[in-house]
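Asks: sharing a model prediction with you, sequence too.
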Amino acid sequence: MPRTLTTVFLLLCSTGFLRAFQPLPPQQGKRATLVPRIDALLQAHPNVARGRLGLLVVDLGTGAVVASENSANFFTPASNAKLFTTAAALVRLGPDYRFRTVVRASPGWQKGDPTVKDLLLVGGGDPNLSGRVLPYSKSAPNGPPLSRIGQLADQVVDAGIRVVSGDLVAVDSRYPSDAYPDGWTLNDHLWDYGAPVSSFSVNDNSLQLFVTPTEPGRLASVELEPEVGQYLVLNQVVTVAGRKDKIEILRDPGSEEIVVRGEIGQQASPGAGNPVRRHEEDLAVRDAALFAAQALSAALRERGVAVLGHPRAELSETAALSDLPEVASLQSAPLSEIIAVVNKVSQNLHAEMLLRELGFAETGAGTQAAGLAARKAFLEEAGVTEKGTGYVLEDGSGLARQDLITPQSAVALLRYMWSRPEREVWLASLPTGGVDGSLEHRMAKLSHAERIHAKTGSLSHVITLSGYAEPLPGKWLAFSILINGSTAPAQEVSDFVDQFCALILNTAR
């Protein structure tokens, strides 16, 4: 016999859940029928119920609340914070906004001169100086990681330059500070998701490390791609029989020495299509601007240009560079395509760059503080306030551990963006259930999963999802579900969220 809501209330309070779902006024119709369904879902997931859950579901047509629980309480949002940054960027900068990366020559150079003293690579904030295919496509394979840098090098050669007698300098002035926002943890710097924030984003400021087995008892082969920079790799990985890998990667903050140790199994997994098995990790570069200078220097040398000096990075007044001769340039994709990457694949670095670009566009200072102020002003216009709907956001991506939002703030933002002229661009930027982005491999058993368009978020003990649901053609809901403090396996919590999505898709049926 099903437990009553009162019994569930007592059970969930005793296990740490803040409150059980309360019976709702009978005139609320669909809202009332949703309560027992959520009740049953919680009973089926007692491990999830031991954590904290907040949710809010609102009918976008009528404004009626379909379901609400702890919707005014604060929760760690993880990557749901990206919604606040990308929405601000889309509205403030516009869907057609573009970035420009420029190569300039030292004074006196003229087009056709074969020798230039210094070349200056000026960072313009383009997040996609990589082999990524745009517009976003889940099936399009990436091109070479330095393909965009190669395009700049081709233009330098076309301009007639054959000798750089001085240095190749990456000027990183557009976003001059806060490479690692406060609230990121010490080990975030090692991995690609914690890549340093800069006006350069060459290959997402990351390197791919590949460990390939050899013969049992021998050291494995370790490679970095792209092979740019002065990284010292200490290989301590031994090849063993079987398929199991146990690999640890260490790098001290600020160091270019990477220690790779452990074991790698020689045998590939059954059914693996690639006959050469290898273990891959995505690592962050140490210095984004220096990495960009090194990449362009290497590309020029590959094309026969003699670079006699050294690649290096510096901060210079960007305005002071505008009178220097322009040698080459790249224009970014439009912002509409850039935010699709941020939201679909949850790209932290790109979100942080957009936050700083908000500040740059508003004040000419692309600092984190200026970006936070510009985003705050936008959110106030959207009806999302720190003391009203409630939020604390200290970075652009949600990686900062002090970030907090409420379901009310998330849904208020979603409702505002639904009313905007940019609605279709905004909606298209979100992952689609069972189709693409971070929801591609979720909701496999969910009927009409493609009617869920929502941003995922995950950290240790945090699973979140906020976005839109279309229960029937033309009938739309905005929703936010935030789960913190659950010790259940992440897969179980994600399954719970997916089943919650199934419930709201059935609210109108």
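Replies: It's in. None of these values were measured; they are calculated from a predicted model.

Asks: only C-alpha atoms from now on, for both contacts and neighbour counts.
Replies: Will do.

Asks: what's the first helix or strand after the helix or strand residue 56 falls within?
Replies: If you go by DSSP states H and E, residue 56 is part of strand 52-59. As assigned by DSSP H and E, the chain's next helix or strand after strand 52-59 is strand 65-69.

Asks: show me which positions of the helix or strand following that next one end up buried.
Replies: Next helix or strand after strand 65-69 toward the C-terminus (DSSP H and E): helix 81-93. Using 16 or more other Cα atoms under 10 Å as the test for burial, helix 81-93 gives 81, 82, 83, 84, 85, 86, 87, 88, 89, 90, 92, 93.

Asks: now do helix 81-93: which elements does it pack against?
Replies: helix 335-345, helix 348-363, helix 368-381 (3 or more Cα pairs under 8 Å, 6 or more residues apart in numbering; DSSP states H and E).

Asks: tabulate these in a markdown table, adding columns for mean neighbour count, mean pLDDT and distance to residue 159.
Replies: Formatted as a markdown table, those follow (neighbours: other Cα atoms under 10 Å; pLDDT from 0 to 100; distance: least, Cα to Cα, whole Å):
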| stretch | mean neighbour count | mean pLDDT | distance to residue 159 |
| --- | --- | --- | --- |
| helix 335-345 | 24 | 98 | 29 |
| helix 348-363 | 25 | 98 | 30 |
| helix 368-381 | 20 | 98 | 36 |
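
Asks: among the ones you listed, which is nearest residue 427?
Replies: Residue 427 lies closest to helix 335-345 among the helices and strands packed on helix 81-93, at 9.3 Å (Cα to Cα).

Asks: the inter-axis angle of that closest one versus helix 348-363?
Replies: Angle, helix 335-345 to helix 348-363, by axes from the mean of the first three to the mean of the last three Cα atoms, to 10 degrees: 140 degrees.

Asks: packing partners for helix 335-345?
Replies: Packing contacts for helix 335-345, counted by 3+ Cα pairs under 8 Å, 6+ apart, involve helix 81-93, helix 348-363, helix 423-429.

Asks: now with 6 Å?
Replies: The criterion is 3 or more Cα pairs under 6 Å, 6 or more residues apart in numbering; DSSP states H and E, and there are no helices or strands that helix 335-345 contacts.

Asks: contacts for that helix, please.
Replies: Identification of contacts with helix 335-345 by Cα atoms under 6 Å, 6 or more residues apart in numbering yields 95, 96, 97, 135, 429, 430, 431, 437, 438.

Asks: that helix versus helix 81-93: what angle between them?
Replies: Helix 335-345 runs at 180 degrees relative to helix 81-93, counting by the same axes, to 10 degrees.

Asks: for helix 335-345, output the C-alpha coordinates as CSV.
Replies: C-alpha atoms of helix 335-345 as CSV (Å, rounded to 0.1, in the frame of the first residue of the first chain):
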residue,chain,number,x,y,z
LEU,A,335,28.5,34.3,-30.8
SER,A,336,25.5,32.2,-31.5
GLU,A,337,27.8,29.3,-32.4
ILE,A,338,30.2,30.0,-29.6
ILE,A,339,27.5,29.7,-26.9
ALA,A,340,26.3,26.5,-28.4
VAL,A,341,29.7,25.0,-27.7
VAL,A,342,29.7,26.4,-24.1
ASN,A,343,26.3,25.0,-23.3
LYS,A,344,26.3,21.8,-25.4
VAL,A,345,29.6,20.4,-24.2
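
Asks: the residue found closest to residue 357 once you drop the neighbours it is linked to in the chain: neighbouring residues, count only.
Replies: In this structure, residue 357 finds its nearest non-sequential neighbour in residue 366, 5.7 Å apart by Cα to Cα, 6 or more residues apart in numbering. Using other Cα atoms under 10 Å, residue 366 is surrounded by 26 other residues.

Asks: what of residue 289?
Replies: Residue 289: 31 neighbours (other Cα under 10 Å).

Asks: what separation do you get for it and residue 279?
Replies: Distance from residue 289 to residue 279, counting by Cα to Cα, to the nearest Å: 28 Å.

Asks: re the thing from before, name the member of the contacts of helix 335-345 with the most neighbours.
Replies: Highest neighbour count within those: residue 430, with 29 neighbours (other Cα under 10 Å).

Asks: ok, now which ones touch residue 434?
Replies: So residue 434 contacts 440, 441, 442, 443, 444, 449 (Cα under 6 Å, 6+ apart).

Asks: sorry, back to before: distance to residue 482 added to the helices and strands packed on helix 81-93, as a markdown table?
Replies: Below are the helices and strands packed on helix 81-93 laid out as a markdown table (distance: least, Cα to Cα, whole Å):
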| stretch | distance to residue 482 |
| --- | --- |
| helix 335-345 | 17 |
| helix 348-363 | 19 |
| helix 368-381 | 20 |
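
Asks: closest to residue 121 out of those?
Replies: Nearest to residue 121, of all those, is helix 348-363, at 17.7 Å by Cα to Cα.

Asks: tell me the angle of that closest one relative to helix 368-381?
Replies: Going by the same axes, to 10 degrees, helix 348-363 makes 80 degrees with helix 368-381.

Asks: to residue 173, which of the helices and strands packed on helix 81-93 lies closest?
Replies: The nearest among the helices and strands packed on helix 81-93, by Cα to Cα, is helix 348-363 at 10.7 Å.

Asks: can you give the contact residues for that closest one?
Replies: Contacts of helix 348-363 (Cα under 6 Å, 6+ apart): 127, 193, 365, 366, 367, 368, 370, 371, 374, 396, 397.

Asks: the second one: neighbour count?
Replies: Going back to what we said before, that points to residue 193. Neighbour tally, residue 193, other Cα under 10 Å: 20.

Asks: and it, what does it touch?
Replies: residue 348.

Asks: ok, it to residue 296 distance?
Replies: Separation of residue 193 from residue 296 (Cα to Cα): 23 Å.

Asks: likewise for the first one?
Replies: Going from residue 127 to residue 296 by Cα to Cα gives 16 Å.

Asks: quick check: phi and psi on residue 391?
Replies: Dihedral angles of residue 391 (phi, psi; degrees, to the nearest 10) stand at phi -160, psi 160.

Asks: find the nearest non-adjacent residue to it, please.
Replies: The shortest distance from residue 391 to any non-neighbouring residue, by Cα to Cα, 6+ apart, is to residue 405 (4.3 Å).

Asks: residues near that neighbour, how many?
Replies: Residue 405, neighbours per other Cα under 10 Å, totals 24.

Asks: residues contacting it?
Replies: So residue 405 contacts 74, 75, 391 (Cα under 6 Å, 6+ apart).

Asks: and the pLDDT at it?
Replies: On the pLDDT scale, residue 405 is placed at 98.

Asks: and the residue most central in space within the chain, how close does it get to residue 111?
Replies: The centre of the chain sits closest to residue 347, judged by Cα atoms, centre = their mean, with a distance of 1.8 Å. Distance, residue 347 to residue 111, using Cα to Cα: 38 Å.

Asks: how about the strands in the stretch 101-250 of the chain?
Replies: Remark: strands assigned in the stretch 101-250 of the chain by DSSP state E, counting those that start in this stretch are 115-116, 119-122, 163-164, 168-171, 206-212, 221-225, 232-240, 246-250.

Asks: isn't residue 238 right up against residue 219?
Replies: Yes: between residue 238 and residue 219 there is a contact at 4.5 Å, judged by Cα atoms under 6 Å.

Asks: tell me, how many residues neighbour the nearest residue to residue 160 once chain neighbours are set aside?
Replies: Distances taken as Cα to Cα, 6+ apart put residue 112 closest to residue 160, at 4.6 Å, once the chain neighbours are dropped. Using other Cα under 10 Å, residue 112 has 12 other residues around it.

Asks: okay, now the unreliable bits of the protein?
Replies: Applying pLDDT under 70 to the chain picks out residues 1-33, 268-276, 317-319, 508-509.
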